[in-house]
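In: What follows is a predicted protein model with its sequence.
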Amino acid sequence: MSREMQTIKVRKLLHELGILPNKKGYEYIVEAVSIAIDNFGKVRGRKNFFGIYDEVAEKFERTYSNVERCIRYAIRAASENPTEKMLTLFPYLIGIPTNSAFISVLAEHLALKNEAEE
């Protein structure tokens, strides 16, 4: 699948989760999930997510901590009023998912969906 189509699917899923483009972390999440999908199977554990944050920070000319904080803020906003899709992807949601859990779940969901469509 082309990167453009992948980005469209990530954006659509974020809308379904209640994360809209007016949140600073929106673009960072789109990029982070796209990177995770590209590296599906290799991105496991907290240590590997540091590399994703670094890539996103470099692309948007921001700091690692700024990217991490903006992603966390966007996830928190969506978790406070969870949509049906959020509850489907995170059925045992108590509180706010971590950034790495959120990105991993979205990447896995979209990667498996892509495999099923092919």
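Out: That came in fine, so what should we check first?
In: right, and the helix or strand after the lowest-mean-pLDDT helix or strand in the chain?
Out: Least confident helix or strand of the chain, by mean pLDDT, DSSP states H and E, is helix 45-60 with a mean of 78. Where DSSP states H and E defines the elements, the next helix or strand beyond helix 45-60 is helix 64-80.
In: Which residues are in contact with residue 97?
Out: Applying Cβ atoms under 8 Å, 6 or more residues apart in numbering to residue 97 gives the contacts 75, 79, 90, 105. Just so you know, the C-beta spots here come from the backbone N, C-alpha and C atoms, and that holds for glycine as well.
In: let's see it at 7 Å
Out: Residue 97 is in contact with 75, 79, 90, counting by Cβ atoms under 7 Å, 6 or more residues apart in numbering.
In: With distance to residue 113 and neighbour count as new columns, can those be given to me in TSV?
Out: Listed next are these as TSV, based on distance: Cβ to Cβ, whole Å; neighbours: other Cβ atoms under 10 Å:
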residue	distance to residue 113	neighbour count
75	20	23
79	22	19
90	16	17
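In: out of those, which one sits closest to residue 55?
Out: residue 75 (18.6 Å; Cβ to Cβ).
In: Identify each buried residue in stretch 98-111, please.
Out: Across stretch 98-111, burial judged by 16 or more other Cβ atoms under 10 Å covers 99, 100, 102, 103, 104, 106, 107, 108, 109, 110, 111.
In: contacting residues around the residue nearest to the spatial centre of the chain?
Out: Among the residues of the chain, the one closest to the centroid is residue 103, at 3.6 Å (Cα atoms, centre = their mean). Contacts were defined as Cβ under 7 Å, 6+ apart; by that measure residue 103 touches 32, 33, 36.
In: Having no further points to raise, I will conclude here.
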